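Participant: what shape does this take:
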Amino acid sequence: MIGRPDQGSGLATAPEDRPERAKWGLPHLPDGWAVVDTRHAGPFITRAHLRRPDGRLVEWRSRAHRKRLGLGGDEASTGRRARRPSPSCWWMAVLFAGGSICFAFGSIPLFFNAVASSVVSATFFGGSVLFTTASIIQYDESRAAPSSIGAGATKRPLRQRLLGASPGDLGWWAAAIQLGGTLFFNLSTFAATQSNQDLEQARRLIWAPDLLGSACFLVASWLAFLEANAGARPRPDGSVGWRIAAINLGGSVAFGVSAIAARYLTSGQPANIALVNLGTCLGAVCFLIGAILLPLEAAKGAPVATPST
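Facilitator: Next up, the predicted model:
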């Protein structure tokens, strides 16, 4: 059940179950560490209270682990990193922000009425390339997450990140699906730069990839929200990561509405051009806010630990 805490099970305590924990999200624990309770999104463990050998209770979160923010309630693991967002974090923020700005500008009448249609199309295509580049970095981040917890945990080597997959990690699924969505946007926006397309070509090469890309973004954002929220029922915890996931989910809903409204009619015009522009602009603004918050999330470090159930 989504969001259901697990207590006192073999999954939480038995040493021989550590491979199973790693498979479904929770990394391997150092000797002497014990799982007190967990929270799930489906089969994926997204949060866990852990007891260290010294008796201190700390909180592990899937999103914080992937971004190497440390453990909640463990100042030693967060203090040094809290002041230094990683280069990959900055690049993701800049690239997602740049792509969002391109999409926002491309959907504002003041812009697209003042420039040639080829400039508008190029703006959207450039924004989609920025989104794809940011998503590649995000995907690499999901693959680079350490396979264990503790001071000695290191990220996976580049070769493993490029050749492998992490199907037991909900964050990996979100990153992989979003990356696929950006590729669909690349196809759609590039096709839109080409002139002299008939109605069937426009539906097949522009609208269909746009719809698929928006669907991928919606699924990916929902999975990212499940991870940050530890379930489907909203549980705002005040963390920056939760806010980013919620805002991006709202942006993906707006992109989805825009894609549906962009369906070509027999006249060759979109079904609702005003809704297309509004949804695109709102979605872009949401992702821009989420991008701006990424370095702040890294600067704050791991979220404050929630009480154990």
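
Participant: run through who's touching stretch 278-293.
Facilitator: If you take Cβ atoms under 8 Å, 6 or more residues apart in numbering as the criterion, stretch 278-293 is touched by 92-94, 96-97, 99-104, 106-108, 127, 134, 240, 243-244, 247-248, 250-259, 261. From N, CA and C alone the C-beta is placed, and that goes for glycine too.

Participant: go again with 6 Å.
Facilitator: Residues outside stretch 278-293 that contact it (Cβ atoms under 6 Å, 6 or more residues apart in numbering): 93, 96-97, 100, 103-104, 107, 240, 244, 247-248, 250-251, 254-255, 257-258.

Participant: tell me which of the residues you listed fall in helices.
Facilitator: Secondary structure assignment by DSSP state H places 93, 96-97, 100, 103-104, 240, 244, 247-248, 250-251, 254-255, 257-258 of the contacts of stretch 278-293 in helices.

Participant: return the member of those nearest to Gly180.
Facilitator: Distance to Gly180 across the ones in helices among the contacts of stretch 278-293 (Cβ to Cβ) is lowest for Phe255, with 14.3 Å.

Participant: so the closest one touches Leu212, yeah?
Facilitator: No: here Phe255 lies out of contact with Leu212, judged by Cβ atoms under 6 Å, at a distance of 11.7 Å.

Participant: please say which of the two ends up with more neighbours.
Facilitator: The neighbour count for Phe255 versus Leu212, taken as other Cβ atoms under 10 Å, is higher for Phe255 (27 against 18).

Participant: now do the contacts for the more buried one.
Facilitator: Here Phe255 is in contact with Ser214, Phe217, Gly283 (criterion: Cβ under 6 Å, 6+ apart).

Participant: the closest residue to Val257 other than its chain neighbours and Ala262: what is the separation?
Facilitator: Sequence neighbours aside, Gly279 is the residue nearest to Val257 in space, at 4.2 Å (criterion: Cβ to Cβ, 6 or more residues apart in numbering). Distance of Gly279 to Ala262, computed by Cβ to Cβ, to the nearest Å: 9 Å.

Participant: repeat that for Ala174.
Facilitator: 24 Å.

Participant: now do the same for the residue of the chain most remote from its centre: its pLDDT.
Facilitator: Ranked by distance from the centre of the chain (Cα atoms, centre = their mean), the top residue is Ser267, with 37.2 Å. For Ser267, the pLDDT comes out at 92.

Participant: ranges for the helices of the protein?
Facilitator: For the chain, the helices defined by DSSP H occupy 10-13, 18-23, 62-66, 75-78, 87-106, 109-112, 117-144, 158-163, 170-192, 199-202, 208-229, 240-261, 273-300.

Participant: can you lay out those as JSON lines showing distance to Ala41 and mean pLDDT?
Facilitator: What follows is the helices of the chain, written out as JSON lines (distance: least, Cβ to Cβ, whole Å; pLDDT from 0 to 100):
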{"stretch": "helix 10-13", "distance to Ala41": "15", "mean pLDDT": "36"}
{"stretch": "helix 18-23", "distance to Ala41": "15", "mean pLDDT": "42"}
{"stretch": "helix 62-66", "distance to Ala41": "9", "mean pLDDT": "94"}
{"stretch": "helix 75-78", "distance to Ala41": "23", "mean pLDDT": "54"}
{"stretch": "helix 87-106", "distance to Ala41": "22", "mean pLDDT": "98"}
{"stretch": "helix 109-112", "distance to Ala41": "39", "mean pLDDT": "97"}
{"stretch": "helix 117-144", "distance to Ala41": "15", "mean pLDDT": "97"}
{"stretch": "helix 158-163", "distance to Ala41": "23", "mean pLDDT": "74"}
{"stretch": "helix 170-192", "distance to Ala41": "6", "mean pLDDT": "98"}
{"stretch": "helix 199-202", "distance to Ala41": "38", "mean pLDDT": "96"}
{"stretch": "helix 208-229", "distance to Ala41": "4", "mean pLDDT": "98"}
{"stretch": "helix 240-261", "distance to Ala41": "11", "mean pLDDT": "98"}
{"stretch": "helix 273-300", "distance to Ala41": "19", "mean pLDDT": "98"}
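
Participant: mind putting those into JSON lines with distance to Val36?
Facilitator: Formatted as JSON lines, those follow (distance: least, Cβ to Cβ, whole Å):
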{"stretch": "helix 10-13", "distance to Val36": "7"}
{"stretch": "helix 18-23", "distance to Val36": "13"}
{"stretch": "helix 62-66", "distance to Val36": "16"}
{"stretch": "helix 75-78", "distance to Val36": "17"}
{"stretch": "helix 87-106", "distance to Val36": "30"}
{"stretch": "helix 109-112", "distance to Val36": "54"}
{"stretch": "helix 117-144", "distance to Val36": "26"}
{"stretch": "helix 158-163", "distance to Val36": "30"}
{"stretch": "helix 170-192", "distance to Val36": "21"}
{"stretch": "helix 199-202", "distance to Val36": "56"}
{"stretch": "helix 208-229", "distance to Val36": "20"}
{"stretch": "helix 240-261", "distance to Val36": "22"}
{"stretch": "helix 273-300", "distance to Val36": "24"}
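
Participant: please consider this matter closed, and thank you.
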